[in-house]
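Trainee: Have a look at this prediction, sequence included:
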Amino acid sequence: MDYRTLGRTDLSVSALCLGTMTWGEQNDQAEAFAQIERAKDAGINFIDTAEMYPVPPRPETYASTERIIGNWFKERGDRADWILASKVAGPGNGISHIRDGQLKHDRHNIVAALDASLKRLQTDWIDLYQLHWPERSTNFFGKLGYQHQADADFTPLEETLQVLDEQVKAGKIRHIGLSNETPWGTLKFLQLAESRGWSRAVSIQNPYNLLNRSFEVGLAEIAIREQCGLLAYSPLAFGMLSGKYENGARPAQGRLTLFSRFQRYSNPQSVAACSRYVALAREHGLDPAQMALAFVTAQPFVTSNIIGATSLEQLESNLASAELTLSEEVLSAIEAIHQQQPNPAP
């Protein structure tokens, strides 16, 4: 397993990060424990969760993922072996069950969310605490174009960053990160940190995969020059790039089969491009999912690639991608497809 420095910190994180958003919905605690054990054996030391997980969010399963991870730490006593990341939710539809829908990134809500996560995770600290998505109205979660709303009200970024800095100084969190953030938001947070002497964002967790390489347009240079690397989520585009949904197939336990809300990568352009990537992998004797994951992990702006699985078989395949180096021939073919069908999914 390769290890990379997290931002400007002294932490080394594995190039693959264990994603957890299915735990408590598609996976029970025993299955989650088996995934953690296998990932640790493979050299993964980085685990990512969120107060909102599992997904899709429901009142009945709210925060189950953090509780499962907390139960692991209590049972195994290996908290110090892990770089633990979690996130505070922002405002949005369908999550009124979280703090009664009071999800502004202000002092009260950040402190309340953090304290609750620490209790569920059964730990005294979180290594990386991230803003799950911006409170302000901007383009994220499948929106490429920005439409300004002049009268939109949101918590000043100064207040948000100051309270996060206070939590770092209190020892509750070690570092802060962004997620689903834009170039403007990322630079603004970095600028504020430097001008006020507050804690600096060390990472940004955004979608990145063969169907959505929009991170390269405005954020890749920031990630490299500012040492605020990408934690890439959805590297398999909700499983589309594994090839299991080819020709309209809908496996019984597939996420797209179970949950109609996951349509981000299902438009005709994405389906067509996905088929070309899957075919390319098979032409070269590669597993499509491993090719897609290896492409993401190899990018110079990526700190860690967040892999998720609903079975140990899937996890084994994802782990094997860490040993795959794509040939120049394959990389050139990927670029050719990308040039002809750039970013078909937002």
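Mentor: Structure received.
Trainee: residue nearest the centroid of the protein?
Mentor: Taking Cα atoms, centre = their mean, the centroid of the chain lies closest to Tyr233, which sits 3.6 Å from it.
Trainee: Not counting its neighbours along the chain, what's nearest that one?
Mentor: Beyond its immediate neighbours in the sequence, the residue positioned closest to Tyr233 (Cβ to Cβ, 6 or more residues apart in numbering) is Ile306, lying 4.8 Å away. Any C-beta I mention is one placed from the backbone N, CA and C, and that applies to glycine too.
Trainee: In three-state terms, label the one you found for me.
Mentor: Under DSSP: H, G, I helix; E, B strand; the rest coil, the three-state class of Ile306 is strand.
Trainee: Measure how buried it is and give me the count.
Mentor: A count of neighbours around Ile306, defined by other Cβ atoms under 10 Å, yields 23.
Trainee: same check, this time on His338
Mentor: His338 sits with 18 neighbouring residues when counted by other Cβ under 10 Å.
Trainee: Kindly report the same for Val55.
Mentor: Each residue near Val55 was counted by other Cβ under 10 Å, and the total is 20.
Trainee: how far does stretch 122-134 stretch from start to finish?
Mentor: Stretch 122-134 stretches 27 Å from its first residue to its last (Cα to Cα, to the nearest Å).
Trainee: if I look at the residue nearest to Tyr233, how far off is Gly197?
Mentor: 31 Å (Cβ to Cβ, to the nearest Å).
Trainee: quick one: the residue nearest to the centre of the chain and Gln205 touch, right?
Mentor: Yes: the pair Tyr233 / Gln205 is scored as a contact, 5.7 Å apart, by Cβ atoms under 8 Å.
Trainee: which neighbours do these two share?
Mentor: Each of Ile306 lies in contact with both Tyr233 and Gln205 under the rule Cβ atoms under 8 Å, 6 or more residues apart in numbering.
Trainee: The helix or strand hosting Leu319: what's the following helix or strand?
Mentor: Taking DSSP states H and E as the criterion, the element that holds Leu319 is helix 312-320. Helices and strands here follow DSSP H and E; after helix 312-320, the next one along the chain is helix 328-340.
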